[in-house]
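Participant: need coordinates for the following:
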Amino acid sequence: MATVAIQPCSSWTRGSIPISKPIQRRRFRGRPKLTRLKIVAAVVEATPSTTVPSVRNGTNRVLTIPFNRADDLQAEARAMGRAVNATLYSPELLASKYGSQPIKVVQRAIEIVSSLGSFGLKLFLEQKNGMLEKNKKARATELKTIFTQLGPTFVKLGQGLSTRPDICPPEYLEELSELQDGLPTFPDDEAFACIEKELGVSLDSIFSSISPSPIAAASLGQVYKARLKYSGKLVAIKVQRPSIEEAIGLDFYLIRGLGFFINKYVDIITTDVVALIDEFARRVFQELNYVQEGQNARRFKKLYADRPDICVPDIFWDYTSAKVLAMDWVDGVKLSEQEAIERQGLNVLDLVNTGIQCSLRQLLEYGYFHADPHPGNLLATPDGRLAFLDFGMMSETPEDARSAIIGHVVHLVNRDYEAMARDYYALDFLSPDVDVSPIVPALRDFFDDALNYTVSELNFKTLVDGLGNVLYQFPFNVPAYYALILRSLTVLEGLALNADPNFKVLAASYPYFAKRLLTDPNPYLRDALIELLFKDEKFRWSRLEDLLIQGRMDSDFSAKEALQPVLKVLLSPDGEVIRTLVIKEAVRVSEAFTLSSISDTYKSVPDFMRTLVFNGNANGPLMMSESEMQSMIGLRNQVVRIWGLLQSSNDFDPALLLPIFQILQQPEVRRLGGGVMDGITQRFLARFLQQVLRVPATASA
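Facilitator: Model prediction:
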């Protein structure tokens, strides 16, 4: 087995207060000790897949303990065994449990109703007095405060609602998106007792030091900084709040009952609220299983930590259970702390752009993404990487939806609102029996104004808010994955705007979309690219040039893959329509190159020779208007620039054109080439007759 050098991820957050030895001995006196054999085993088992520890045996010789994947899998299996009794969300079990505890249910219900009831009464009175719209911002702020006071379940609920434009008006979305887990810590002795109970060993047998108080606290748990006793590794130890399952279970039992009431009596909300609550509750209960969170982190690291600018902490499985999670300590600064980041010589916008590119990969390539990317979970490391933390809440984008989202962007750029409305079927926003025709005017009214800006000027938050208004007015059911990724990009844009008010997340995202359109062989995206490049039976060279300029800005752009999707469609048996358009365009380009060359040659001839060579015609050799000639020259120059863009790509190789020549013997290609030659011959014959007869060219010609 090969050994691997230790390469820790920098650390997790700032500050660590190690416990002194006397305190450590006093706190853990009388606890059981590990045997030397178990200690050595623990070091191996607790080591992440990228590390190999060294320990000393009884003769003081240094032993390098080899590591292999099997050890790591065994450690993960043991962690899963410790989490075998982790609670899963079940509405039936909650109903059975709390249905027999009426006093506890009533007490909590009174607490919730007294808080939310007064809020609801204010809304009712303001609606009667016509003040609802005017005070919407104030009520949204009040709701955020109420959720914080009601505890972890409602903090999570508020964060979930902040991603649901089909349920909440924009003012509420904005306020709830700022909801932080501002909750008090729980006693340290309870946290340390939880660690020992979950892992079955004493703390002084695992750690040489641990911070005496939490470094960070959240709605479901709190975090300590510790140093492993036998490997010296710095780790973050996340410990779950005591009795959190009980509190959350009771709250969701009550909230679900409210959902039934809303479904039956509140007509303004068209979404199935009970189904929404069940989906959200499952996510929260999954967050309570820290082994699941560790597996999420590993999967995320495998997919996205291949980039040198991304840091994902690894997991120490032998110190992980359902209620305790041990991971690499990542030293860094919250992405919202701009001054602290700049003091380290880092640029906030570079880090935000890294986050945007990673988020797009999460959404549109692998479909597995971080669903809670608030500023506290995004850190700038001293070496300039962006670190992702807290993998309790993850989500997935269905494969069909990934392509549909890119197609939706194409329809947006083309202002094809009918196609945009139909996209909502593919995105699962609407059921197939919903008529989209009333939605089209609403999309047109909003986007016609929004698209007066260029892509580089369009503000993502404005776009999301406007789309949210449309969703709120119609029977949309926004899938969780879509709402969460919108929140992710909105958070990143908000962080960037603090550093640069002119930053636009769409401008930063466009290179990725361009690259995917140019290189992805997915049939849906091939159709979207063709739709973007062809309009009114004409090829839009400016769109292709813009796509290449933008696509080359993406670090993963490959000239070898560019335009291959179009070529495949062009040569496919069902590509007859596109081949006809290509024939017309090839004729037009050939004519532009030829006539532009004639014009250039004419201009290079000395003035005194022009009348001699061109039979006294000092105006030029061709009977065409100046505007027509400039159009020809412009087309030629644009094609030359596009070819230059391809040639200047890092991986460009003329050999990539060989497949084109190798397939020239295919019947479709021979017919295509014959069509081009016939078109060129006819076009130049018409031009020749115009010159001979000196007849000015018409628009139809």
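Participant: Gly367: how many residues sit nearby?
Facilitator: 17 (other C-beta atoms under 10 Å). The C-beta positions use only the backbone N, C-alpha and C, and glycine is treated the same way.
Participant: nope, Leu116 is what I meant
Facilitator: Residues near Leu116, counting by other C-beta under 10 Å: 16.
Participant: that's a helix at it, yeah?
Facilitator: Yes. Using DSSP: H, G, I helix; E, B strand; the rest coil, the assignment for Leu116 is a helix.
Participant: wait, it touches Gln149, no?
Facilitator: No. Between Leu116 and Gln149 there is no contact under C-beta atoms under 8 Å: 10.7 Å.
Participant: next SSE downstream of the helix or strand bottoming out on mean pLDDT in the chain?
Facilitator: Within the chain, no helix or strand scores below strand 62-64, which has a mean of 33 by mean pLDDT, DSSP states H and E. Beyond strand 62-64 in the direction of the C-terminus, DSSP states H and E gives the next helix or strand as helix 69-82.
Participant: tell me which residues in the following helix or strand past that next one are buried?
Facilitator: As assigned by DSSP H and E, the chain's next helix or strand after helix 69-82 is helix 91-98. By neighbour count on 16 or more other C-beta atoms under 10 Å, the buried set for helix 91-98 is Leu94, Tyr98.
Participant: likewise for stretch 230-239?
Facilitator: Those would be Tyr230, Ser231, Lys233, Leu234, Val235, Ala236, Ile237, Lys238, Val239, for stretch 230-239 by 16+ other C-beta under 10 Å.
Participant: okay, that stretch in CSV with CA atoms only?
Facilitator: Output of stretch 230-239 as CSV, limited to C-alpha atoms (Å, rounded to 0.1, in the frame of the first residue of the first chain):
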residue,chain,number,x,y,z
TYR,A,230,-2.1,11.3,18.1
SER,A,231,-1.9,12.9,14.7
GLY,A,232,-1.8,16.5,15.7
LYS,A,233,-4.4,17.5,13.2
LEU,A,234,-6.7,20.5,13.8
VAL,A,235,-10.3,19.6,13.4
ALA,A,236,-13.7,21.2,13.8
ILE,A,237,-16.1,19.3,16.1
LYS,A,238,-19.7,19.9,15.4
VAL,A,239,-22.1,18.9,18.3
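Participant: what about Thr354, distance to Arg516?
Facilitator: Here the criterion is C-beta to C-beta, to the nearest Å. By it, Thr354 lies 18 Å from Arg516.
Participant: the more surrounded of those two?
Facilitator: Comparing Thr354 with Arg516 by other C-beta under 10 Å, the one with more neighbours is Arg516, at 25 against 19.
Participant: can you tell me the element the more buried one falls in?
Facilitator: Per DSSP H and E: helix 505-519 holds Arg516.
Participant: list the helices and strands that helix packs on?
Facilitator: helix 348-361, helix 399-413, helix 460-473, helix 480-499, helix 523-533, helix 541-551, helix 564-571 (3 or more C-beta pairs under 8 Å, 6 or more residues apart in numbering; DSSP states H and E).
Participant: OK, contacts around the residue found closest to Asp372 once you drop the neighbours it is linked to in the chain?
Facilitator: Spatial nearest neighbour of Asp372, chain neighbours left out: Met393 (4.4 Å); criterion: C-beta to C-beta, 6 or more residues apart in numbering. Listed by C-beta atoms under 8 Å, 6 or more residues apart in numbering, the contact partners of Met393 are Arg283, Gln286, Glu287, His370, Ala371, Asp372.
Participant: centroid residue for this structure?
Facilitator: Centrality entry for the chain: nearest residue to the mean C-alpha point is Ser359, 2.6 Å, by C-alpha atoms, centre = their mean.
Participant: gap between that one and Leu378?
Facilitator: 10 Å.
Participant: equivalent analysis for Ala401, please.
Facilitator: From Ala401 over to Leu378 (counting by C-beta to C-beta), the distance is 25 Å.
Participant: Leu547 too?
Facilitator: 30 Å.
Participant: just Leu150 next, same as before
Facilitator: For Leu150 relative to Leu378 (C-beta to C-beta), the value is 27 Å.
Participant: and Ala95, by the same measure?
Facilitator: 38 Å.
Participant: returning to that earlier point: near the closest residue to the residue nearest to the centre of the chain other than its chain neighbours, how many other residues are there?
Facilitator: Nearest non-adjacent residue to Ser359, counting by C-beta to C-beta, 6+ apart: Ser488, 5.2 Å away. Neighbour count of Ser488, defined by other C-beta under 10 Å: 26.
Participant: so Ser488 makes contact with His374?
Facilitator: No. Contact between Ser488 and His374 fails when scored by C-beta under 8 Å: they sit 9.3 Å apart.
Participant: in a helix, that's where Ile237 is, yeah?
Facilitator: No. Read with three-state DSSP, Ile237 is strand and lies in no helix.
Participant: check whether it really touches Ile206, as I assumed.
Facilitator: No. In this structure, Ile237 is not within contact of Ile206 by C-beta under 8 Å, at 9.3 Å.
Participant: overlap in contacts of these two?
Facilitator: With C-beta under 8 Å, 6+ apart, Ile237 and Ile206 have common neighbours Ala226, Tyr319.
Participant: list the helices and strands the top helix by length along the chain packs on?
Facilitator: Scanning the chain for the helix with the most residues, using DSSP state H, yields helix 576-604. Counting contacts by 3+ C-beta pairs under 8 Å, 6+ apart, helix 576-604 packs against strand 538-539, helix 564-571, helix 626-647, helix 667-693.
Participant: report the distance from that helix to the chain centre.
Facilitator: Distance of helix 576-604 from the chain centroid (C-alpha atoms, centre = their mean, to the nearest Å) equals 42 Å.
Participant: what residues sit buried inside it?
Facilitator: So for helix 576-604, counting by 16+ other C-beta under 10 Å, buried means 578-579, 581-596, 598-599, 602.
Participant: so the closest residue to Gly158 other than its chain neighbours, which of the three states?
Facilitator: With C-beta to C-beta, 6+ apart as the criterion, Gly158 has its nearest non-adjacent residue at 3.9 Å, and that residue is Phe147. With three-state DSSP as the basis, Phe147 sits in helix.
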